[in-house]
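1. what shape does this take:
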Amino acid sequence: MSNERVLGVIGAGTMGGGIAHAAAAGGFKVMCTDTDPKLVEQAFGKIRERLDSSVSKGRISSRERDEIAARLHVCKGYDAFSDAECVIEAAPEDLALKKKIFAELDKLPAKVLRASNTSSLSIAKIAEGLKHADRVLGLHFFNPAPVMQLIELVQAPQTSAQSVVDARAVCAKLDKTAVKVKDSPGFIGNRVNRPFYLEALRLLETGEGDIRTIDSALKSVGDFKMGAFELLDLIGLDINLKVTESVYNDFNRPARFAPNAIQQKLVQSGKLGRKTGCGFYDYSNGDPVPAYESRPKSTSGWKPSAAVSELAKVLDKPADRAMWLFARVWTAVVNEAAHVANTIALARDVNLTMELGFAYPQGPLALADFVGLDVVQALLSEFFKETGGDERYAPNPLLDELVRAGHLGEKTAHGFLYHSL
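-> Numbering: from 1, shown residues only. Take a look at the predicted model:
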């Protein structure tokens, strides 16, 4: 009897193929299926191309390439998963389709772990009515799966503790960092990152800055590699909007997650970003130039508040308009991150998700601790009043509780995280 660990993959698209690659590289024997075996063969062909490229660049040896490729197997049905340690579904984001797939997986032995790679759909709804619902959870990989180190491990109410342990073992074999989160719309990353886009869009909409000014502030002050509008164009305005709509609807349409009209109109007009040559920027001549015209309001006479000045002092950067623009976006992100840390995930895992999954230079809660939670609270209070009570800046219970207790972050050795003095 072979001691080889087996992992099944359903779906051979971008994510399914990437997961198969990561699993084979991690030492799993991979059994992959799709509606047509030819789709799996095409996915495996792309994997081999990437492996050949890695050999030519000296990242792996030709022997390692051949060993990884030899672990990839096409299968025609779910019966091939009977001996699998785990089966990961990577089908399109359609609840009805996923429920149908998991109903078939429910026929497998109870020992088999069933995971969905969904980025936003409810694991509880996917597992509803299944005999082995306790063996169902989410394993949300980030693209490209062979490269990105993060996996969101999503535990639904019916998911057993043993299934979580088994899933962590799978993630360890894949050499990935697993962050556990309770089943909730957007999980950690797609929820916490919504204000990064939505607040930047609000600033644009209300004339606080144009796209280049806002993007520049996020990069120069926040050290982000890309600004919000550059990132929206890269992701695809339609894809990003679909995630926003999903989170918005699944949370029963709270104002802070409401899709922005500017983005909706661009999507309706077919301006989806880089893939169509134009979005917020125009890429037709190579270097991007602003394509969305706006009329920013005059900032003559503007002066930083005490809270903005204190933030600038801590960050050792000018207390200028760029600092204010960054603060508006960043504090909205921190506020949402605090909500997540107070309800569905550990603060540490929130930071890891944003750093490993979304390329944040520093996790939002870690930076909040560095700045000082009293300063963050003052900024949120200021912006809440400035925006006429915008929900994104509404007082956060966890943040308020920490400040009342004198837990202000690094300067008191305790904030969202614990620190040594």
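2. shaky segments in the chain?
-> The chain contains residues with pLDDT under 70 at 1-2.
3. how's it carved up into domains?
-> Here the domain assignment for the chain is 6-182, 191-412, based on automatic domain parsing.
4. nearest to Ser420, of those domains?
-> Nearest to Ser420, of all the domains of the chain, is domain 191-412, at 9.2 Å by CB to CB. Bear in mind the C-beta positions are built from the backbone N, C-alpha and C, glycine included.
5. how long is that closest one from one end to the other?
-> In domain 191-412, first residue to last residue: 29 Å (CA to CA, to the nearest Å).
6. now do stretch 318-325: everything it contacts.
-> Stretch 318-325 is touched from outside by 203, 208-209, 213-214, 216-218, 220-221, 299, 302, 304, 308-309, 311-313, 315, 317, with contacts defined as CB atoms under 8 Å, 6 or more residues apart in numbering.
7. could I have the buried ones of those residues as ChimeraX selection syntax?
-> Those of those that count as buried under 16 or more other CB atoms under 10 Å are selected in ChimeraX with:
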select :203,208,209,213,214,216,217,218,220,221,304,308,311,312,315
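8. in helices, which of the contacts of stretch 318-325 appear?
-> 203, 213-214, 216-218, 220, 308-309, 311-313, 315 (DSSP state H).
9. of these, closest to Leu113?
-> Leu218 (39.2 Å).
10. mind listing what the closest one touches?
-> By CB under 8 Å, 6+ apart, the contact list for Leu218 reads 200, 224, 227-228, 325-326, 329.
11. which of the residues you listed has the most neighbours?
-> In terms of neighbour count, Ala200 stands highest of the contacts of Leu218 at 28 neighbours, by other CB atoms under 10 Å.
12. which helix or strand contains the nearest residue to Thr331 once chain neighbours are set aside?
-> Closest residue to Thr331 apart from its sequence neighbours, by CB to CB, 6 or more residues apart in numbering: Leu379 at 4.9 Å. Following DSSP states H and E, the helix or strand that holds Leu379 is helix 373-386.
13. now swap in Glu41 and tell me
-> helix 37-56.
14. following that helix, which helix or strand shows up next?
-> helix 62-70.
15. which other helices and strands does that next one contact?
-> The contact analysis (3 or more CB pairs under 8 Å, 6 or more residues apart in numbering; DSSP states H and E) places helix 62-70 against helix 14-25, helix 37-56.
16. quick one: contacts for Ala255?
-> Contacts of Ala255 by CB under 8 Å, 6+ apart are 390-391.
17. distance check, it against Leu198.
-> Separation of Ala255 from Leu198 (CB to CB, to the nearest Å): 10 Å.
18. cool, Gly236 as well?
-> Using CB to CB, Gly236 is found at 16 Å from Leu198.
19. these two - which one has more neighbours?
-> The neighbour count for Gly236 versus Leu198, taken as other CB under 10 Å, is higher for Leu198 (24 against 17).
20. who are the packing partners of the helix or strand encompassing the more buried one?
-> Assessed by DSSP H and E, Leu198 sits inside helix 194-205. With contacts taken as 3+ CB pairs under 8 Å, 6+ apart, helix 194-205 sits against helix 211-220, helix 228-235, helix 237-250, helix 261-268, helix 321-343.
21. distance to Thr14 added to those, as JSON lines?
-> Rendered in JSON lines, the data for the helices and strands packed on helix 194-205 read as follows (distance: least, CB to CB, whole Å):
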{"stretch": "helix 211-220", "distance to Thr14": "27"}
{"stretch": "helix 228-235", "distance to Thr14": "13"}
{"stretch": "helix 237-250", "distance to Thr14": "12"}
{"stretch": "helix 261-268", "distance to Thr14": "21"}
{"stretch": "helix 321-343", "distance to Thr14": "27"}
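22. got the angle for the helix holding Glu41 vs helix 62-70?
-> 170 degrees (axes from the mean of the first three to the mean of the last three CA atoms, to 10 degrees).
23. export only the CA atoms of helix 37-56, formatted as CSV.
-> What follows is helix 37-56, C-alpha atoms only, in CSV (Å, rounded to 0.1, in the frame of the first residue of the first chain):
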residue,chain,number,x,y,z
PRO,A,37,-10.5,15.9,-19.5
LYS,A,38,-9.0,18.0,-22.3
LEU,A,39,-9.3,21.1,-20.0
VAL,A,40,-7.2,19.3,-17.3
GLU,A,41,-4.6,18.3,-19.9
GLN,A,42,-4.4,21.9,-21.0
ALA,A,43,-4.0,23.0,-17.4
PHE,A,44,-1.2,20.5,-16.9
GLY,A,45,0.5,21.7,-20.1
LYS,A,46,0.6,25.2,-18.6
ILE,A,47,2.0,23.8,-15.4
ARG,A,48,4.8,22.0,-17.3
GLU,A,49,5.6,25.2,-19.1
ARG,A,50,6.0,27.0,-15.8
LEU,A,51,8.1,24.2,-14.5
ASP,A,52,10.4,24.4,-17.6
SER,A,53,10.7,28.1,-17.0
SER,A,54,11.7,27.5,-13.4
VAL,A,55,14.4,25.0,-14.5
SER,A,56,15.8,27.5,-17.0
